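Engineer: sequence and predicted structure are below.
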Amino acid sequence: MSGDEEESVPILTVVQAYSPDIKVQRLMQQFRGMVNYIIRAGVRSGKTDRREFGEERRYLRSAYRLESSLVQSAIGHAAGILKLRKEALKAGQEVKEPYCRRLFLKASDGVRIREGILDMPECMRVPLTERTLEVIGSHEVKQVTLTANKCCISYSLEPEPIPTYGVLALDLNLRNVTMADTKGSIIRLDIARLADIPMTYRDVQSRFTRNDNRIREELYQKYGDLERRRVNSELHKLTHAVVEYAAENNFAIAVEDLNGLRERFTRESGKTERYRAMMNHWRYGEILRQIAYKSECEGVELIQLNSHETAGTSSRCSSCGCDFLVEESYRTLKCLKCELVIDRDENAAKNILAGALRHRAVGRPEEAMREHESASSKVDGRQVRHG
(Lines give C-alpha, C1' and ligand atoms only; values in the text may rest on other atoms or scores of the structure.)
Protein backbone atom coordinates (compact mmCIF):
# COMPACT_ATOMS: atom_id res chain seq x y z
CA MET A 1 0.00 0.00 0.00
CA SER A 2 1.35 3.42 -0.91
CA GLY A 3 1.80 6.27 1.52
CA ASP A 4 -1.12 8.20 0.03
CA GLU A 5 -3.43 5.22 0.44
CA GLU A 6 -2.37 4.71 4.03
CA GLU A 7 -3.13 8.30 4.90
CA SER A 8 -6.65 8.01 3.47
CA VAL A 9 -7.53 5.11 5.81
CA PRO A 10 -8.76 6.21 9.27
CA ILE A 11 -6.64 4.93 12.16
CA LEU A 12 -8.39 4.39 15.49
CA THR A 13 -6.96 3.37 18.86
CA VAL A 14 -8.40 1.20 21.61
CA VAL A 15 -6.86 1.32 25.09
CA GLN A 16 -6.94 -1.34 27.78
CA ALA A 17 -5.30 -1.66 31.20
CA TYR A 18 -1.99 -3.52 31.16
CA SER A 19 0.63 -4.49 33.73
CA PRO A 20 3.96 -5.49 32.13
CA ASP A 21 6.00 -8.35 33.56
CA ILE A 22 9.73 -8.19 34.29
CA LYS A 23 10.70 -9.21 30.76
CA VAL A 24 8.54 -6.52 29.13
CA GLN A 25 9.80 -3.90 31.58
CA ARG A 26 13.36 -4.71 30.57
CA LEU A 27 12.42 -4.40 26.89
CA MET A 28 10.79 -1.04 27.62
CA GLN A 29 13.99 0.19 29.24
CA GLN A 30 16.00 -0.93 26.23
CA PHE A 31 13.53 0.70 23.83
CA ARG A 32 13.68 3.97 25.77
CA GLY A 33 17.49 3.76 25.71
CA MET A 34 17.49 3.34 21.91
CA VAL A 35 15.16 6.32 21.45
CA ASN A 36 17.32 8.57 23.62
CA TYR A 37 20.50 7.41 21.84
CA ILE A 38 19.03 8.38 18.44
CA ILE A 39 17.84 11.71 19.84
CA ARG A 40 21.33 12.56 21.10
CA ALA A 41 22.83 11.53 17.77
CA GLY A 42 20.30 13.62 15.86
CA VAL A 43 20.87 16.69 18.02
CA ARG A 44 24.64 16.46 17.43
CA SER A 45 24.45 15.81 13.68
CA GLY A 46 21.25 17.66 12.74
CA LYS A 47 19.69 14.52 11.24
CA THR A 48 15.89 14.24 11.34
CA ASP A 49 15.07 11.59 8.71
CA ARG A 50 14.94 7.99 9.91
CA ARG A 51 16.76 6.88 6.75
CA GLU A 52 19.82 8.93 7.74
CA PHE A 53 20.56 6.84 10.85
CA GLY A 54 22.14 3.85 9.09
CA GLU A 55 25.28 3.80 11.22
CA GLU A 56 23.32 4.26 14.43
CA ARG A 57 20.96 1.45 13.38
CA ARG A 58 23.84 -0.98 13.00
CA TYR A 59 25.20 0.01 16.41
CA LEU A 60 21.83 -0.51 18.12
CA ARG A 61 21.40 -3.92 16.49
CA SER A 62 24.78 -5.06 17.81
CA ALA A 63 24.49 -3.40 21.23
CA TYR A 64 20.94 -4.41 22.18
CA ARG A 65 20.51 -7.56 20.03
CA LEU A 66 16.79 -6.96 19.53
CA GLU A 67 14.64 -7.70 16.50
CA SER A 68 15.13 -5.20 13.69
CA SER A 69 11.46 -4.17 13.80
CA LEU A 70 11.85 -2.79 17.33
CA VAL A 71 15.05 -0.96 16.36
CA GLN A 72 13.29 0.57 13.36
CA SER A 73 10.35 1.59 15.53
CA ALA A 74 12.66 3.30 18.06
CA ILE A 75 14.44 5.19 15.27
CA GLY A 76 11.12 6.27 13.75
CA HIS A 77 9.84 7.55 17.10
CA ALA A 78 13.06 9.48 17.75
CA ALA A 79 13.04 10.93 14.22
CA GLY A 80 9.53 12.27 14.80
CA ILE A 81 10.69 14.01 18.00
CA LEU A 82 13.69 15.49 16.17
CA LYS A 83 11.48 16.86 13.39
CA LEU A 84 9.25 18.60 15.93
CA ARG A 85 12.34 20.07 17.59
CA LYS A 86 13.63 21.35 14.25
CA GLU A 87 10.29 23.00 13.46
CA ALA A 88 10.21 24.66 16.88
CA LEU A 89 13.75 26.00 16.43
CA LYS A 90 12.86 27.29 12.99
CA ALA A 91 9.91 29.13 14.53
CA GLY A 92 12.27 30.84 16.97
CA GLN A 93 11.12 28.96 20.07
CA GLU A 94 13.44 28.09 22.93
CA VAL A 95 13.72 24.28 23.03
CA LYS A 96 15.49 22.02 25.49
CA GLU A 97 17.20 18.83 24.33
CA PRO A 98 14.48 16.14 24.15
CA TYR A 99 14.69 13.19 26.52
CA CYS A 100 12.27 10.31 27.10
CA ARG A 101 11.83 9.57 30.80
CA ARG A 102 8.85 7.24 30.99
CA LEU A 103 9.00 3.57 30.05
CA PHE A 104 7.27 2.69 26.80
CA LEU A 105 7.60 0.47 23.74
CA LYS A 106 6.19 0.72 20.23
CA ALA A 107 5.87 -2.03 17.65
CA SER A 108 4.26 -2.03 14.21
CA ASP A 109 5.78 -5.00 12.35
CA GLY A 110 5.24 -8.57 13.50
CA VAL A 111 2.08 -7.69 15.42
CA ARG A 112 -1.01 -9.91 15.13
CA ILE A 113 -3.90 -11.26 17.18
CA ARG A 114 -4.31 -15.01 17.59
CA GLU A 115 -6.90 -16.66 19.85
CA GLY A 116 -7.43 -13.54 21.93
CA ILE A 117 -3.69 -12.97 22.45
CA LEU A 118 -1.70 -10.08 20.97
CA ASP A 119 1.61 -11.46 19.65
CA MET A 120 4.48 -8.97 19.41
CA PRO A 121 8.22 -9.11 18.59
CA GLU A 122 10.62 -10.68 21.11
CA CYS A 123 7.89 -13.22 22.01
CA MET A 124 5.83 -10.63 23.91
CA ARG A 125 2.23 -11.73 24.45
CA VAL A 126 -0.58 -9.50 25.74
CA PRO A 127 -3.97 -11.05 26.67
CA LEU A 128 -6.78 -8.92 25.27
CA THR A 129 -10.10 -8.24 26.96
CA GLU A 130 -13.43 -9.11 25.35
CA ARG A 131 -14.19 -5.44 24.78
CA THR A 132 -10.86 -4.88 22.99
CA LEU A 133 -11.43 -7.89 20.75
CA GLU A 134 -14.97 -6.72 20.01
CA VAL A 135 -13.82 -3.22 19.07
CA ILE A 136 -10.96 -4.38 16.83
CA GLY A 137 -12.95 -7.20 15.24
CA SER A 138 -11.44 -8.21 11.92
CA HIS A 139 -9.61 -4.90 11.34
CA GLU A 140 -5.87 -4.84 10.72
CA VAL A 141 -3.64 -3.93 13.67
CA LYS A 142 -1.25 -1.16 12.64
CA GLN A 143 0.71 -0.35 15.80
CA VAL A 144 0.90 -1.28 19.48
CA THR A 145 2.20 1.00 22.24
CA LEU A 146 2.92 -0.40 25.70
CA THR A 147 3.38 1.78 28.78
CA ALA A 148 3.65 1.08 32.49
CA ASN A 149 -0.14 0.74 32.83
CA LYS A 150 -1.72 0.77 29.35
CA CYS A 151 -1.76 -1.12 26.07
CA CYS A 152 -2.78 1.08 23.13
CA ILE A 153 -3.67 -0.76 19.92
CA SER A 154 -4.07 1.24 16.71
CA TYR A 155 -6.05 -0.38 13.91
CA SER A 156 -7.19 0.64 10.44
CA LEU A 157 -10.82 1.21 9.57
CA GLU A 158 -12.17 1.18 6.02
CA PRO A 159 -15.77 2.45 6.21
CA GLU A 160 -18.03 2.53 3.19
CA PRO A 161 -19.21 6.07 2.40
CA ILE A 162 -22.91 6.56 3.03
CA PRO A 163 -25.08 8.12 0.28
CA THR A 164 -25.59 11.85 0.83
CA TYR A 165 -29.12 13.23 0.47
CA GLY A 166 -28.73 16.49 2.38
CA VAL A 167 -26.44 18.81 4.30
CA LEU A 168 -26.16 19.56 8.01
CA ALA A 169 -24.54 22.96 8.71
CA LEU A 170 -22.92 23.75 12.07
CA ASP A 171 -22.54 27.16 13.68
CA LEU A 172 -20.14 26.83 16.63
CA ASN A 173 -20.60 29.25 19.51
CA LEU A 174 -19.17 29.53 23.00
CA ARG A 175 -22.27 28.12 24.71
CA ASN A 176 -24.17 26.32 21.96
CA VAL A 177 -23.89 24.58 18.62
CA THR A 178 -26.71 25.51 16.25
CA MET A 179 -27.42 23.10 13.39
CA ALA A 180 -29.50 23.72 10.25
CA ASP A 181 -30.23 21.00 7.69
CA THR A 182 -31.81 20.76 4.27
CA LYS A 183 -35.00 19.32 5.76
CA GLY A 184 -35.61 22.70 7.38
CA SER A 185 -34.83 21.58 10.94
CA ILE A 186 -33.04 23.83 13.40
CA ILE A 187 -31.35 22.05 16.32
CA ARG A 188 -29.54 23.75 19.18
CA LEU A 189 -27.11 21.77 21.38
CA ASP A 190 -26.24 23.31 24.74
CA ILE A 191 -22.47 23.24 25.40
CA ALA A 192 -22.34 25.75 28.26
CA ARG A 193 -20.53 23.17 30.41
CA LEU A 194 -17.56 23.32 28.00
CA ALA A 195 -17.19 27.01 28.87
CA ASP A 196 -17.96 26.68 32.58
CA ILE A 197 -15.66 23.75 33.45
CA PRO A 198 -12.34 25.53 32.63
CA MET A 199 -13.52 28.65 34.49
CA THR A 200 -14.37 26.59 37.57
CA TYR A 201 -10.87 25.09 37.71
CA ARG A 202 -9.33 28.48 36.92
CA ASP A 203 -11.07 29.92 39.99
CA VAL A 204 -9.91 26.97 42.12
CA GLN A 205 -6.29 27.36 41.02
CA SER A 206 -6.35 31.11 41.63
CA ARG A 207 -6.96 30.44 45.33
CA PHE A 208 -3.82 28.32 45.83
CA THR A 209 -1.68 29.89 48.56
CA ARG A 210 1.12 27.34 49.05
CA ASN A 211 4.61 28.81 48.65
CA ASP A 212 6.16 25.42 47.92
CA ASN A 213 6.66 25.30 44.14
CA ARG A 214 6.73 21.51 44.06
CA ILE A 215 3.36 21.26 45.83
CA ARG A 216 1.89 23.97 43.60
CA GLU A 217 3.01 22.12 40.46
CA GLU A 218 1.48 18.88 41.73
CA LEU A 219 -1.80 20.63 42.49
CA TYR A 220 -1.84 22.41 39.11
CA GLN A 221 -1.23 19.08 37.37
CA LYS A 222 -3.91 17.33 39.42
CA TYR A 223 -6.61 19.89 38.68
CA GLY A 224 -5.43 20.31 35.10
CA ASP A 225 -5.88 16.57 34.51
CA LEU A 226 -9.34 16.68 36.09
CA GLU A 227 -10.31 19.60 33.85
CA ARG A 228 -9.07 17.87 30.68
CA ARG A 229 -10.92 14.65 31.48
CA ARG A 230 -14.21 16.43 32.08
CA VAL A 231 -13.86 18.65 29.01
CA ASN A 232 -12.84 15.73 26.76
CA SER A 233 -15.86 13.74 27.96
CA GLU A 234 -18.21 16.60 27.02
CA LEU A 235 -16.45 17.05 23.66
CA HIS A 236 -16.86 13.40 22.72
CA LYS A 237 -20.55 13.43 23.68
CA LEU A 238 -21.11 16.51 21.52
CA THR A 239 -19.24 15.35 18.43
CA HIS A 240 -20.72 11.84 18.66
CA ALA A 241 -24.25 13.30 18.72
CA VAL A 242 -23.53 15.51 15.68
CA VAL A 243 -21.99 12.76 13.54
CA GLU A 244 -24.62 10.20 14.59
CA TYR A 245 -27.44 12.57 13.57
CA ALA A 246 -25.79 13.21 10.20
CA ALA A 247 -25.23 9.50 9.54
CA GLU A 248 -28.81 8.56 10.46
CA ASN A 249 -30.22 11.17 8.07
CA ASN A 250 -27.65 10.73 5.26
CA PHE A 251 -26.38 14.28 5.65
CA ALA A 252 -23.01 15.72 4.75
CA ILE A 253 -21.62 17.95 7.52
CA ALA A 254 -20.65 21.54 6.69
CA VAL A 255 -18.33 23.40 9.09
CA GLU A 256 -16.95 26.93 9.05
CA ASP A 257 -13.36 28.11 9.23
CA LEU A 258 -12.59 29.58 12.68
CA ASN A 259 -8.85 30.06 12.29
CA GLY A 260 -7.65 33.31 13.82
CA LEU A 261 -10.70 33.67 16.06
CA ARG A 262 -8.70 34.17 19.26
CA GLU A 263 -6.75 37.03 17.69
CA ARG A 264 -9.90 39.16 17.95
CA PHE A 265 -9.99 38.86 21.74
CA THR A 266 -6.81 40.59 22.86
CA ARG A 267 -6.51 43.18 25.62
CA GLU A 268 -7.14 45.90 23.04
CA SER A 269 -10.51 44.36 22.12
CA GLY A 270 -12.23 45.92 25.15
CA LYS A 271 -13.51 42.57 26.47
CA THR A 272 -13.20 41.65 30.14
CA GLU A 273 -10.38 39.45 31.34
CA ARG A 274 -12.78 36.64 32.25
CA TYR A 275 -14.43 36.69 28.83
CA ARG A 276 -11.03 36.60 27.11
CA ALA A 277 -10.07 33.65 29.32
CA MET A 278 -13.27 31.83 28.31
CA MET A 279 -12.51 32.39 24.63
CA ASN A 280 -8.93 31.18 25.05
CA HIS A 281 -10.18 27.99 26.72
CA TRP A 282 -12.79 27.38 24.00
CA ARG A 283 -11.85 24.11 22.27
CA TYR A 284 -13.35 24.85 18.85
CA GLY A 285 -10.31 23.35 17.09
CA GLU A 286 -10.73 20.07 18.97
CA ILE A 287 -14.46 20.03 18.14
CA LEU A 288 -13.68 20.37 14.42
CA ARG A 289 -10.92 17.74 14.65
CA GLN A 290 -13.19 15.19 16.32
CA ILE A 291 -16.02 15.84 13.87
CA ALA A 292 -13.56 15.36 10.98
CA TYR A 293 -12.19 11.98 12.09
CA LYS A 294 -15.54 10.64 13.34
CA SER A 295 -17.16 11.62 10.04
CA GLU A 296 -14.41 9.76 8.21
CA CYS A 297 -14.96 6.67 10.37
CA GLU A 298 -18.71 6.71 9.75
CA GLY A 299 -18.41 7.40 6.02
CA VAL A 300 -20.02 10.84 6.36
CA GLU A 301 -18.92 13.50 3.90
CA LEU A 302 -17.38 16.64 5.42
CA ILE A 303 -17.62 20.02 3.70
CA GLN A 304 -15.10 22.53 5.04
CA LEU A 305 -15.87 26.09 4.03
CA ASN A 306 -13.09 28.66 3.94
CA SER A 307 -13.05 31.99 5.75
CA HIS A 308 -14.20 33.89 2.64
CA GLU A 309 -17.26 31.69 2.25
CA THR A 310 -18.27 32.05 5.90
CA ALA A 311 -17.49 35.76 6.33
CA GLY A 312 -20.41 37.68 7.77
CA THR A 313 -22.66 34.69 8.44
CA SER A 314 -24.08 36.37 11.55
CA SER A 315 -24.54 39.80 9.92
CA ARG A 316 -26.02 38.74 6.55
CA CYS A 317 -29.72 38.00 6.23
CA SER A 318 -30.32 34.32 5.49
CA SER A 319 -33.56 35.13 3.67
CA CYS A 320 -32.75 37.97 1.25
CA GLY A 321 -28.95 38.07 1.52
CA CYS A 322 -28.56 41.75 2.37
CA ASP A 323 -26.27 43.09 5.10
CA PHE A 324 -28.82 45.40 6.74
CA LEU A 325 -29.37 43.53 10.00
CA VAL A 326 -29.94 45.34 13.28
CA GLU A 327 -30.17 43.91 16.77
CA GLU A 328 -33.84 43.60 17.71
CA SER A 329 -33.16 42.15 21.18
CA TYR A 330 -30.50 40.00 22.87
CA ARG A 331 -29.06 37.69 20.14
CA THR A 332 -32.07 38.41 17.92
CA LEU A 333 -31.65 40.22 14.59
CA LYS A 334 -34.07 42.03 12.27
CA CYS A 335 -33.55 42.60 8.55
CA LEU A 336 -34.36 46.15 7.39
CA LYS A 337 -35.12 44.93 3.87
CA CYS A 338 -37.38 41.88 4.28
CA GLU A 339 -38.21 42.51 7.98
CA LEU A 340 -37.18 39.01 8.96
CA VAL A 341 -36.73 38.57 12.72
CA ILE A 342 -34.42 35.65 13.48
CA ASP A 343 -32.09 34.31 16.14
CA ARG A 344 -28.47 35.29 15.51
CA ASP A 345 -27.11 31.71 15.69
CA GLU A 346 -29.93 30.29 13.56
CA ASN A 347 -29.26 32.95 10.91
CA ALA A 348 -25.55 32.03 10.87
CA ALA A 349 -26.31 28.30 10.57
CA LYS A 350 -28.63 28.93 7.60
CA ASN A 351 -25.97 31.04 5.86
CA ILE A 352 -23.39 28.28 6.37
CA LEU A 353 -25.91 25.82 4.94
CA ALA A 354 -26.44 28.02 1.87
CA GLY A 355 -22.67 28.23 1.37
CA ALA A 356 -22.34 24.44 1.61
CA LEU A 357 -25.11 23.92 -0.96
CA ARG A 358 -23.00 25.78 -3.48
CA HIS A 359 -20.50 22.91 -3.12
CA ARG A 360 -23.10 20.14 -2.98
CA ALA A 361 -26.25 20.30 -5.11
CA VAL A 362 -28.53 18.52 -2.64
CA GLY A 363 -31.54 19.52 -0.64
CA ARG A 364 -33.91 22.29 -1.65
CA PRO A 365 -33.05 23.83 -5.06
CA GLU A 366 -33.96 27.35 -3.94
CA GLU A 367 -31.18 27.21 -1.30
CA ALA A 368 -28.53 26.21 -3.81
CA MET A 369 -29.57 28.77 -6.41
CA ARG A 370 -29.84 31.74 -4.04
CA GLU A 371 -27.50 34.51 -5.08
CA HIS A 372 -24.98 35.97 -2.69
CA GLU A 373 -26.04 39.62 -2.33
CA SER A 374 -23.57 40.77 0.31
CA ALA A 375 -21.59 42.85 -2.23
CA SER A 376 -24.64 44.42 -3.85
CA SER A 377 -28.20 44.66 -2.49
CA LYS A 378 -31.35 46.73 -2.89
CA VAL A 379 -33.01 48.65 -0.09
CA ASP A 380 -36.32 50.43 -0.82
CA GLY A 381 -35.78 49.88 -4.55
CA ARG A 382 -32.37 51.56 -4.60
CA GLN A 383 -29.13 49.79 -5.54
CA VAL A 384 -26.65 49.96 -2.67
CA ARG A 385 -23.03 48.85 -2.87
CA HIS A 386 -21.06 47.97 0.24
CA GLY A 387 -17.40 48.91 0.75
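Structural biologist: Sure, I can see it.
Engineer: helix/strand/coil for residue 152?
Structural biologist: strand (DSSP: H, G, I helix; E, B strand; the rest coil).
Engineer: from what I can see it touches residue 144, true?
Structural biologist: Yes: between residue 152 and residue 144 a contact is recorded at 7.1 Å, counting by C-beta atoms under 8 Å. Placement of C-beta: from N, CA and C, glycine included.
Engineer: who has more neighbours, those two?
Structural biologist: A side-by-side neighbour count of residue 152 and residue 144, using other C-beta atoms under 10 Å, places residue 144 first with 23 against 16.
Engineer: now do the SS call for residue 35.
Structural biologist: From three-state DSSP, the assignment for residue 35 is helix.
Engineer: show me the contacts for it.
Structural biologist: Counting by C-beta atoms under 8 Å, 6 or more residues apart in numbering, residue 35 touches 74, 77, 78, 81, 100.
Engineer: once you drop chain neighbours, what's closest to the first one?
Structural biologist: Right, residue 74. Spatial nearest neighbour of residue 74, excluding adjacent residues (C-beta to C-beta, 6 or more residues apart in numbering): residue 34 at 3.8 Å.
Engineer: residues near that neighbour, how many?
Structural biologist: Neighbours of residue 34 (other C-beta under 10 Å): 26.
Engineer: over to the one 5 residues further on?
Structural biologist: The burial count assigned to residue 39 is 20, neighbours taken as other C-beta under 10 Å.
Engineer: could you do the one 4 residues further on as well?
Structural biologist: By the other C-beta under 10 Å criterion, the neighbourhood of residue 43 contains 13 residues.
Engineer: for residue 82, see how far away it is.
Structural biologist: Per C-beta to C-beta, to the nearest Å, residue 43 is found 7 Å from residue 82.
Engineer: so what sits against both of those two?
Structural biologist: Common neighbours of residue 43 and residue 82, counting by C-beta under 8 Å, 6+ apart, are residue 98.
Engineer: what's the helix or strand for the residue nearest in space to the middle of the chain?
Structural biologist: Closest to where the C-alpha atoms of the chain average out (C-alpha atoms, centre = their mean) is residue 289, at 2.8 Å. Here residue 289 sits within helix 284-298, counting by DSSP states H and E.
Engineer: which residues are contacting that helix?
Structural biologist: Residues outside helix 284-298 that contact it (C-beta under 8 Å, 6+ apart) are 10, 12, 157, 159, 162, 170, 172, 177, 235-236, 238-240, 242-244, 246-247, 253, 255, 258, 261, 300-302.
Engineer: now it: buried residues?
Structural biologist: The neighbour-count check on helix 284-298 (16 or more other C-beta atoms under 10 Å) flags 284, 287, 288, 290, 291, 292, 294, 295, 296, 297, 298 as buried.
Engineer: in CSV: these, plus pLDDT and distance to residue 194.
Structural biologist: CSV is the format used below for those (pLDDT from 0 to 100; distance: C-beta to C-beta, whole Å):
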residue, pLDDT, distance to residue 194
284, 86, 10
287, 91, 9
288, 91, 14
290, 92, 12
291, 94, 14
292, 91, 18
294, 91, 17
295, 91, 20
296, 88, 23
297, 86, 22
298, 89, 22
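Engineer: with respect to residue 331, which of those is nearest?
Structural biologist: residue 284 (18.4 Å; C-beta to C-beta).
Engineer: how close does that closest one get to residue 269?
Structural biologist: In terms of C-beta to C-beta, residue 284 sits 17 Å off from residue 269.
Engineer: same question, residue 124
Structural biologist: Separation of residue 124 from residue 269 (C-beta to C-beta) stands at 55 Å.
Engineer: the two: which is more packed in?
Structural biologist: Comparing residue 124 with residue 269 by other C-beta under 10 Å, the one with more neighbours is residue 124, at 20 against 12.
Engineer: who does the more buried one bridge with?
Structural biologist: Applying DSSP bridges to residue 124 gives these bridge partners: residue 120.
Engineer: quick check: closest non-adjacent residue to residue 198.
Structural biologist: Nearest to residue 198 is residue 281, by C-beta to C-beta, 6+ apart, at 3.9 Å.
Engineer: could you do residue 29 as well?
Structural biologist: Per C-beta to C-beta, 6+ apart, closest to residue 29 is residue 103, 6.3 Å.
Engineer: isn't that neighbour right next to residue 145, touching?
Structural biologist: No: using C-beta under 8 Å, residue 103 is not in contact with residue 145; the gap is 11.4 Å.
Engineer: where do the strands sit along the stretch 51-200 of the chain?
Structural biologist: Ranges of strands in the stretch 51-200 of the chain, per DSSP state E, counting those that start in this stretch, are 104-107, 112-114, 117-120, 124-127, 141-147, 150-156, 166-172, 176-181, 186-190.
Engineer: and the pLDDT at residue 171?
Structural biologist: pLDDT, residue 171: 91.
Engineer: how close does the residue nearest to residue 74 sit to residue 71?
Structural biologist: 7 Å.
Engineer: shared neighbours of those two, which are they?
Structural biologist: With C-beta under 8 Å, 6+ apart as the test, residue 34 and residue 71 both reach 60, 64.
Engineer: under the pLDDT cut-off, which ranges of the protein? List them.
Structural biologist: 1-8, 324, 328, 360-387 (pLDDT under 70).
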